[in-house]
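A.B. asks: 3D model of this:
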Amino acid sequence: MVTFESIKNHFDGLVAKGENASSTAKNYTNTIFRILNELDGFEDIADCCNTRVVDHINETYDHPGTRQGVFIAFLRAINTYPDFKAVVNPAVLTSITEGFELSKTQAKELSIQRQLTETVERMDSIIAKIEAHFEPLSDEVILVNMYDEVALRKDFDAVVLIVGDPDPSVPRWINLATGELVIKDYNKTAKKYDAVRHTLSPKMLGMVREVSATRNYLLTLKSETLFKKMKAVVPGIGSQLLRKSKVSTETEGDKLLDPKIRHDLWNQMKHSPETQLSYRRIIQNDL
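C.D. replies: Numbers count the residues shown, from 1 in each chain. From the prediction side, this is the model:
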């Protein structure tokens, strides 16, 4: 009998074999748990999937991106877990697959529409607002300036400040002598690319060297906590907004046509050219 615990154990096994990233597996199991909980379907997961899951997803989740994420969680579980697949009606599996493909297409269409209509504040304007509101060497100021250097995701937590190279077990550090930032286990795309290696600008390195006198890490608080504090100054600020602002600012106007600018930005942010441009928005011109 398929239980939620057996599904979770299955994903743990995929992680152990290197067939799923731990964060992705956790997202899948959390998603499946949420749906089963909403449907009170833990006692008979097979019956719940065969009779209610597809309709519930379509009726409950209006946003195609959210709907896509829910469908892929079930799709991944069913297609990789033979015991689960054996109890799911083939027609239901087809419906889940079709639901995923449709929502994926709709999410892409929505993303394109947002690219054409959504505006974003310039990166230098955002940084100026944060620098004006918080102390010069505060975590908030350091974090937004780091995103201007390397606009990754939530990857600046637990970055060690050190002179020279650290112990091999340390995955993230800044060499205060050379200014090199190294992040070996950065989020989501870590398996696709090698470690992030970036030499900090003189401005950023100067700030980091100053704070190194009183701390061993780049930040004293987690980036999520810092973003919550900064929302009073820049509404909606977070890793996604800063990535959009960074890409949009760097490729503003005719700069988009310069292949060197695009290439340098792709390397800096570790994305394919297509994904990179999906972050581009219209720069607000009233600032």
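
A.B. asks: for V196, grab phi and psi.
C.D. replies: For V196, the backbone dihedrals (degrees, to the nearest 10) come out as phi -70, psi 130.

A.B. asks: what bridges to it?
C.D. replies: Beta-bridge pairing of V196 under DSSP bridges involves I183.

A.B. asks: quick one: the helices in the chain?
C.D. replies: Counting by DSSP state H, the chain has helices at residues 4-16, 22-39, 45-48, 54-60, 64-80, 82-87, 90-117, 123-133, 139-149, 202-211, 223-230, 239-250, 259-269, 273-277.

A.B. asks: need the residues that contact the shortest one.
C.D. replies: The contact list for helix 45-48, computed with C-beta atoms under 8 Å, 6 or more residues apart in numbering, reads 2-4, 7, 36, 39, 41, 87-88. All C-beta atoms are positioned from the backbone trio N, CA, C, and that covers glycine.

A.B. asks: list the buried ones in that helix?
C.D. replies: If you call a residue buried by 16 or more other C-beta atoms under 10 Å, then helix 45-48 has these buried ones: 45-46, 48.

A.B. asks: looking at those residues, which is nearest P166?
C.D. replies: Nearest to P166 among those, counting by C-beta to C-beta, is I45 at 45.6 Å.

A.B. asks: L219 and F156 touch, don't they?
C.D. replies: Yes - assessed by C-beta atoms under 8 Å, L219 is found in contact with F156 at 6.1 Å.

A.B. asks: give the residues shared as contacts by these two.
C.D. replies: Joint contacts of L219 and F156 (C-beta under 8 Å, 6+ apart) are L143.

A.B. asks: of these two, give the one with the bigger neighbour count.
C.D. replies: Neighbours were counted for L219 and for F156 using other C-beta atoms under 10 Å; F156 has more, 25 against 20.

A.B. asks: for the more buried one, what are its contacts?
C.D. replies: When the contact criterion is C-beta under 8 Å, 6+ apart, the partners of F156 are 143, 146, 218-219, 223.

A.B. asks: what does the pLDDT read for it?
C.D. replies: Among the per-residue scores, F156 holds a pLDDT of 87.

A.B. asks: please apply the same query to N267.
C.D. replies: At N267, the pLDDT value in this model is 73.

A.B. asks: where's it relative to T251, distance?
C.D. replies: Applying C-beta to C-beta, to the nearest Å, the value for N267 to T251 is 14 Å.

A.B. asks: among the two, which residue is more densely surrounded?
C.D. replies: T251 (20 against 13).

A.B. asks: so what's the more buried one closest to, chain neighbours aside?
C.D. replies: Closest residue to T251 in three dimensions, ignoring its sequence neighbours and counting by C-beta to C-beta, 6 or more residues apart in numbering: R280, at 5.8 Å.

A.B. asks: need the contact list for that neighbour.
C.D. replies: With contacts defined as C-beta under 8 Å, 6+ apart, the neighbours of R280 are 115, 244, 247-248, 251, 256.

A.B. asks: any chance of the residues you listed in a markdown table, with pLDDT too?
C.D. replies: Rendered in a markdown table, the data for those read as follows (pLDDT from 0 to 100):
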| residue | pLDDT |
| --- | --- |
| Q115 | 77 |
| K244 | 91 |
| V247 | 90 |
| S248 | 90 |
| T251 | 89 |
| L256 | 83 |
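
A.B. asks: buried only: go through those residues for me.
C.D. replies: The neighbour-count test (16+ other C-beta under 10 Å) marks 115, 244, 247-248, 251 as buried among the contacts of R280.

A.B. asks: I appreciate the help and will end here.
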